[in-house]
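>>> Requesting a structural model of the entry that follows:
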Amino acid sequence: MSAPAAPVRLRPIRVGGERTGTAPLTWAQRVQWNDTEWMKPLDHHFNHLKVLDLPDGCEESSVALVLGAVVNRHESLRTRYPLDRDGAPVQLLAATESLPLEIHRTSGPAAEVDREAAGLAAELRGRRFDLAAELPVRAALLEHLGRPIRLVLVVSHVTLDYAGLVLLSEELEALLSGRATPDGQPPVRHQHFDQARAETEPPGLQRSAAALDHWEEVLRAAPATIFDPPAGGLLPLDHPDRFGQVTMVSPALALATGTLAARLGTSSTTVLMAALNTVLGTVTGRDEVPLRLIASNRGFPALRDLVGIALGSCVTLVRTSGRSFPEVVRDTAHAAMRAYRRAQCDPVALAARKAQVSAERGVPEIELSCGFNDLRPPRTGTGTAEQVLALLPRTEIAWDGPKPRQEARLWYWAQDQDGADVHHALVDLGHLPRERTEELLRAVERVVVDAVLESPAADR
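The predicted structure follows:
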């Protein structure tokens, strides 16, 4: 893919609002800010990307008007993140800011427009944000033969999580299509400044205390290490052969998780998480492996419609040794529910609690290097054992290439892609070489498929 041409010009969009000043980061902002700092100078990998197809009749001026109205409305999109005099990050709102809209043009065949848009999107996403000095949003308009056809948006993960990106995209699409107007939008009732204040009030402090106690419970019960040190040592963190990602597309696993979830009265996410718990116990030789989870926290009414970041980190610990898979599923459901309810806490206090418990256990740091996140919509499709088995030959596994350094040794995540379940394992190849990682993915598939075949409800 060739590099896109420089923009033909920049259109500054004046944005601002009534609230100004600084506030502490919310807990969610601080979690992602910490991760972003650790990843530097490769932190552009966290950037969110959205490419919007523009309807016929859109003009450059109308796109700029809509974009300005949305950034005015949501403070998260015009927040900068400088350091205070003590070196702590804060969120800052100025009375006015300028958002540059890059204008790009292409005159090639219509069939090449998608390629041009993809190249532009990759270039914008590949730039790091200087969060102290610039707004956390980057925007470009691609015109074809004088008509705007694509709006490319890149947003820092510090200011927006996946749920926030979905809300932002839906709002922009409604405004750009004319289904809604900027003046007709309801007022935003809760923004990051409001959340930062809420986290200092008694209900917020109580939630943080409960979450910290849950973390400590797991930290004291978990094995101090998950993976044994590799015999040959480890490559440097930034070596191109240190980290990789493998992808598995398995129609059999998709149908099997839905089928087993229906039989056991739980969700397909819980079934998949239980399978990973089971396989990790086998791979590592541990009776139980702590598993880090990402909670959206969107169940809290104040956070449900926040065009911003609300996510939280939480952890489960499920014993798999000597347990049947239905028992592991049941225990995983219980552990996940407890964890998700305790996913809001002060990350600075959490770091101190981890250090305290590690020191008391006589280790430098208790290992929490495995994680799981399920971005799929709920799966409700069910099938017979024969149907599941018939899909097994269609499983495909492919490596995506080298990846930048990660704190995790295994991060397992699933997403929907055109209606199919896609499973990814981002791994530290020093601990999970390619063959072993592929075996891990196959084992997750096999555990669930076997459970469908063995279930007393099979084919009823």
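>>> Now do the helices in the protein.
27-39, 60-73, 113-125, 162-177, 192-198, 202-221, 251-264, 268-284, 325-340, 347-360, 385-391, 434-454 (DSSP state H).
>>> Of all the ones you listed, which one is nearest residue 416?
helix 251-264 (9.6 Å; Cβ to Cβ). For the C-beta atoms, the positions are set from N, CA and C on the backbone; glycine is no exception.
>>> Check which helices and strands the closest one sits against.
When contacts are defined as 3 or more Cβ pairs under 8 Å, 6 or more residues apart in numbering; DSSP states H and E, helix 251-264 packs onto helix 268-284, helix 325-340, helix 385-391, strand 420-428, helix 434-454.
>>> Serialize the helices of the chain to CSV and add fields for distance to residue 312, mean pLDDT and mean neighbour count.
Output for the helices of the chain, formatted as CSV (distance: least, Cβ to Cβ, whole Å; pLDDT from 0 to 100; neighbours: other Cβ atoms under 10 Å):
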stretch, distance to residue 312, mean pLDDT, mean neighbour count
helix 27-39, 6, 96, 21
helix 60-73, 25, 97, 18
helix 113-125, 25, 93, 18
helix 162-177, 12, 96, 18
helix 192-198, 12, 98, 19
helix 202-221, 8, 98, 16
helix 251-264, 24, 94, 24
helix 268-284, 17, 97, 25
helix 325-340, 9, 97, 20
helix 347-360, 9, 98, 15
helix 385-391, 35, 95, 16
helix 434-454, 25, 96, 19
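>>> can I get the ones you listed in a markdown table with distance to residue 19?
Listed next are the helices of the chain as a markdown table, based on distance: least, Cβ to Cβ, whole Å:
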| stretch | distance to residue 19 |
| --- | --- |
| helix 27-39 | 16 |
| helix 60-73 | 11 |
| helix 113-125 | 28 |
| helix 162-177 | 18 |
| helix 192-198 | 6 |
| helix 202-221 | 20 |
| helix 251-264 | 44 |
| helix 268-284 | 37 |
| helix 325-340 | 31 |
| helix 347-360 | 24 |
| helix 385-391 | 53 |
| helix 434-454 | 47 |
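>>> Let me know which of those helices is the nearest to residue 13.
Among those, helix 60-73 sits nearest to residue 13 (Cβ to Cβ), with 4.4 Å.
>>> Could you point out the longest strand of the protein?
strand 96-106 (DSSP state E).
>>> that older thread, who wins for proximity to residue 96 among the helices of the chain?
When those are compared (using Cβ to Cβ), the closest one is helix 60-73, at 10.2 Å.
>>> what angle sits between the closest one and helix 162-177?
140 degrees (axes from the mean of the first three to the mean of the last three Cα atoms, to 10 degrees).
>>> Could you check the angle helix 60-73 makes with strand 96-106?
Angle of helix 60-73 versus strand 96-106, following the same axes, to 10 degrees, is 140 degrees.
>>> I'd like to know which elements helix 60-73 is packed against.
Packed next to helix 60-73, using 3+ Cβ pairs under 8 Å, 6+ apart, are strand 9-16, strand 96-106, strand 137-144, strand 147-155, helix 162-177.
>>> Now render these as a markdown table, adding distance to residue 376.
A markdown table is the format used below for these (distance: least, Cβ to Cβ, whole Å):
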| stretch | distance to residue 376 |
| --- | --- |
| strand 9-16 | 35 |
| strand 96-106 | 33 |
| strand 137-144 | 27 |
| strand 147-155 | 22 |
| helix 162-177 | 12 |
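>>> nearest to residue 357, of these?
Using Cβ to Cβ as the measure, helix 162-177 is the one of the helices and strands packed on helix 60-73 that comes nearest residue 357, at 30.3 Å.
>>> one step back: format the helices and strands packed on helix 251-264 as a markdown table; extra columns: distance to residue 259.
Listed next are those as a markdown table, based on distance: least, Cβ to Cβ, whole Å:
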| stretch | distance to residue 259 |
| --- | --- |
| helix 268-284 | 9 |
| helix 325-340 | 13 |
| helix 385-391 | 7 |
| strand 420-428 | 13 |
| helix 434-454 | 5 |
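>>> hang on, the earlier thing: wait, which of the helices of the chain is closest to residue 408?
helix 27-39 (10.7 Å).
>>> And that closest one, how far out from the chain middle?
Relative to its chain's centre, helix 27-39 lies at 13 Å (Cα atoms, centre = their mean, to the nearest Å).
>>> Ok, stretch 447-457 next?
That offset, for stretch 447-457, works out to 30 Å (Cα atoms, centre = their mean).
>>> hmm, who's touching that stretch?
Under the criterion Cβ atoms under 8 Å, 6 or more residues apart in numbering, residues 252-253, 256-257, 259-260, 263, 271-272, 275, 278-279, 325-326, 385, 388-389, 392, 458 lie in contact with stretch 447-457.
>>> Same question for stretch 419-428: list its buried residues.
Residues of stretch 419-428 classed as buried: 421-428 (neighbour count, 16 or more other Cβ atoms under 10 Å).
>>> now, among the residues you listed, which is nearest to residue 28?
residue 426 (21.4 Å).
>>> does the closest one really touch residue 247, like I thought?
No - in this structure residue 426 lies outside contact range of residue 247 using Cβ atoms under 8 Å: 10.0 Å.
>>> how about the nearest residue to residue 94 once chain neighbours are set aside, what does it touch?
Leaving aside its chain neighbours, residue 94 sits nearest to residue 20 (6.2 Å; criterion: Cβ to Cβ, 6 or more residues apart in numbering). The contact partners of residue 20, taken as Cβ under 8 Å, 6+ apart, are 93-95.
>>> Narrow the residues you listed to just the buried residues.
Counted by 16+ other Cβ under 10 Å, the contacts of residue 20 give residue 93 as buried.
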